[in-house]
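Undergrad: predicted coordinates and the sequence they were generated for:
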Amino acid sequence: MFHCALDEMLPKIREKLGLVVEVFAHGLQCARVLTRLAATLQRLPERTRFVLSIALYGAGASLVAVLFQVAINWIYWATFTYPSTAMPRAFPWISLAVITVVSIVSGWLLTRFCPEAAGSGIP
């Protein structure tokens, strides 16, 4: 019942909010797929379900680790490797700006989401 009403509303909302809703709708579709997968897993014997769930968790964690490594490599290339070869004279200023911005953002994130880290040696 909830999914039907939401499916009728999504086209109207998409027109108004654009990309944000597209991402949310994609997340809902992924949630539906995961719900179906969970229902299928419930029909399997307990021991098989246990082994299969461990394999799925491992595959998911591996995928996230690979995506994280790819993202880190891309960020490093975009902020340090490419500027050092394309603009060698501006590279010191670009690297200084990158380090400054990252420090400010990490300080804000720590202050905002982990205030108990104050005084622990983490700025």
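TA: Sure thing, it's come through.
Undergrad: helix or strand right after the longest helix seen in the chain?
TA: If you go by DSSP state H, the chain has its longest helix at helix 46-76. Helices and strands here follow DSSP states H and E; after helix 46-76, the next one along the chain is helix 82-86.
Undergrad: starting at the chain centroid, how far to that next one?
TA: With C-alpha atoms, centre = their mean, to the nearest Å as the basis, helix 82-86 stands 27 Å off its chain's centre.
Undergrad: what is the subsequent helix or strand relative to it?
TA: helix 91-113.
Undergrad: tell me what angle that next one forms with helix 46-76.
TA: Inter-element angle recorded for helix 91-113 and helix 46-76: 140 degrees (by axes from the mean of the first three to the mean of the last three C-alpha atoms, to 10 degrees).
Undergrad: how many neighbours does P83 have?
TA: 19 (other C-beta atoms under 10 Å). The way it works is simple: take the backbone N, C-alpha and C, and place the C-beta from them, glycine included.
Undergrad: the closest residue to it other than its chain neighbours: neighbour count?
TA: Leaving aside its chain neighbours, P83 sits nearest to I94 (4.6 Å; criterion: C-beta to C-beta, 6 or more residues apart in numbering). Close neighbours of I94, defined as other C-beta under 10 Å, add up to 16.
Undergrad: domain parsing for the protein?
TA: For the chain, automatic domain parsing gives the domain ranges 1-43, 49-86, 87-123.
Undergrad: tell me the mean pLDDT for the shortest one?
TA: pLDDT averaged over domain 87-123 equals 85, rounded to a whole number.
Undergrad: now do the buried residues in that domain.
TA: In terms of neighbour count (16 or more other C-beta atoms under 10 Å), domain 87-123 has its buried residues at I94, L110.
Undergrad: next one: stretch 80-97 to chain centre, how far?
TA: Centroid displacement of stretch 80-97 relative to its chain, using C-alpha atoms, centre = their mean, is 27 Å.
Undergrad: do the same with stretch 64-73
TA: Centroid separation between stretch 64-73 and its chain, computed with C-alpha atoms, centre = their mean, is 10 Å.
Undergrad: quick one: contacts for the residue nearest to P83?
TA: I94 is in contact with T79, P83, M87, counting by C-beta atoms under 8 Å, 6 or more residues apart in numbering.
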